[in-house]
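Novice: no FASTA, just this:
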C-alpha cells in the first residue's frame, strides 16, 4: 500500500442544492467531515446487514456529538430487497421515533442503501436532509452522486423514485478495504464507462492502472473516484433531471438493466450487468458507424480484465426487447440507447430492431 491519499473535494454546482463530495481516507472518524451539515436533534443511520457490523458503530460514535439521538437501522442486504416493503422499514423507524422534518438520514452502504435512503428522505414529511456515506466503489463513483433515488419494480429497475440531492457525499476510501472482490469489479464498470462517454485519456489511465485499482492502492482509487465524480458533477450540473445530457451516464445501462430484470434482481450485480451492457452498446455503436472494431475489442478486453462478464445471459431476443422498452429512456415504446458516436463522445438515440437483434445474437451465451 502507498501513503494515504490526501483528502480531495469535488463540488456539485446546483445553486441552492449544491454540495461537496469529500474523497479520502479516515473520513468517517474525522469530525471535519461533518462540518456545516444540518443540525438536528435526531439522526437515523440506514445501513444493511453486511455493512452495519463493519462501520455503523464508528459512524454512530462520531455523530453522537452532533445529534442527541442517533439510531441505526439495518436493512436486508441485496438488490432484491430494493422494494416497497424494505423502503417502509425506513418510514417505520422514523415514525416509530416521532422523527420531525429536521431529522437527518445517513445512508451508510452501497447503491441500494443510498438509493432507498435518498428516496425515503425525499418522501418523509415531503423532504428531510440526508447524507451519502457510500462504502462501495460503485456507490462512490456513481450512485451516491447526483440525487437519483429509487426503488425497483418487478417490471423495471429504478422505475419508482425521485430526484433529491444529498447534503454531502463522504467517500471514505478505507471502507473499500473490506469490499469483496466481486463488488470491487462491479464498481470498476462504472469507472470504465466515463472514458468512452467523455474522457479517453481517463480510459488510457484506467488501462494502465487497472492492477493498482484491483489491488486497492489508495492513490489509484482516490484518483479514479475523483475523476469519475468530476465528470459526473459536470454532467449533473448541466442537466440535473436527465432531460438530455445526463442520459450519457447510462452507457451500458439499457442492456444492463434488462439483464438484471430478466435474471431476477441480485443474480448479477448492477456493475456486472453494466459491464456486459457496455460491450453490447459498443457493438451496437459499431454497427451504426460510431466506433470501429478495434474500439470494441479494446473495451471488451478492459471489461473482462476488470473481472466482469462480457457474454450476456440467453434470455431470448424478444424478452430483451420487451424489457428494454420499459427502460426510463424509452419514448412511446421506442427503445433509446446511449451509444458512442465517436470515442469520448456519447449520444442517446434509437436503433433499428434488426441491429439490436444482431447484437443480442452476438452477445448472448
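Specialist: Nice, I can see it. Since the structure is predicted, the reported quantities are computational estimates derived from the model, not experimental observations.

Novice: how about the strands in the protein?
Specialist: Counting by DSSP state E, the chain has these strands, from start to end: 8-12, 19-24, 42-48, 69-75, 104-109, 130-134, 148-153, 156-163, 168-172, 336-342, 345-350.

Novice: So what angle separates the directions of the fourth one and strand 104-109?
Specialist: Strand 69-75 and strand 104-109 are oriented at 40 degrees to each other (axes from the mean of the first three to the mean of the last three CA atoms, to 10 degrees).

Novice: Please parse the protein into its domains.
Specialist: The record's domain parsing of the chain by automatic domain parsing lists 8-178, 181-363.

Novice: Mind checking the pLDDT average for the shortest one?
Specialist: Across domain 8-178, the average pLDDT comes to 96.

Novice: Now do it: distance to the chain's middle.
Specialist: Distance of domain 8-178 from the chain centroid (CA atoms, centre = their mean, to the nearest Å) equals 13 Å.

Novice: again with the last one
Specialist: Computed by CA atoms, centre = their mean, the chain-centroid distance of domain 181-363 equals 12 Å.

Novice: who are the neighbours in contact with the spatially closest residue to residue 296 that is not a sequence neighbour?
Specialist: In space, residue 296 comes closest to residue 282 once its chain neighbours are excluded; the distance is 4.7 Å by CB to CB, 6 or more residues apart in numbering. Just so you know, the C-beta spots here come from the backbone N, C-alpha and C atoms, and that holds for glycine as well. Residues in contact with residue 282 (CB atoms under 8 Å, 6 or more residues apart in numbering) are 196, 291, 295, 296, 299, 300, 340.

Novice: Which two of the residues you listed have the greatest separation?
Specialist: Farthest pair in the contacts of residue 282 (CB to CB) is 300 and 340. Separation: 13.2 Å.

Novice: burial measure for residue 354, as a count.
Specialist: Residue 354 is flanked by 8 other residues according to other CB atoms under 10 Å.

Novice: Report pLDDT for it.
Specialist: Residue 354 is given a pLDDT of 95.

Novice: From residue 317, how far off is it?
Specialist: Note on residue 354: its distance to residue 317, by CB to CB, to the nearest Å, is 11 Å.

Novice: Residue 287 now?
Specialist: Counting by CB to CB, the gap from residue 287 to residue 317 is 15 Å.

Novice: do residue 190 as well
Specialist: 27 Å.

Novice: The two: which is more packed in?
Specialist: More neighbours surround residue 190 than the other of residue 190 and residue 317, with 29 against 16 (other CB under 10 Å).

Novice: which residue sits closest to the more buried one in space, ignoring its chain neighbours?
Specialist: residue 142 (4.2 Å).

Novice: Now do that neighbour: how many residues are near it, please.
Specialist: Residues within reach of residue 142, counting by other CB under 10 Å, total 27.

Novice: repeat for residue 330
Specialist: A count of nearby residues for residue 330, using other CB under 10 Å, gives 16.

Novice: rewinding a little: so which of the strands of the chain is nearest residue 237?
Specialist: strand 8-12 (6.6 Å).

Novice: could you give the angle of the closest one to strand 168-172?
Specialist: 150 degrees.

Novice: Could you pull up the contacting residues of the most centrally placed residue in the chain?
Specialist: Centroid-nearest residue in the chain: residue 143, 2.6 Å away (criterion: CA atoms, centre = their mean). Residues counted as contacts of residue 143 (CB under 8 Å, 6+ apart) are 110, 111, 114, 115, 134, 190.

Novice: go on, residue 249?
Specialist: 142, 146, 193, 197, 232, 235, 338.
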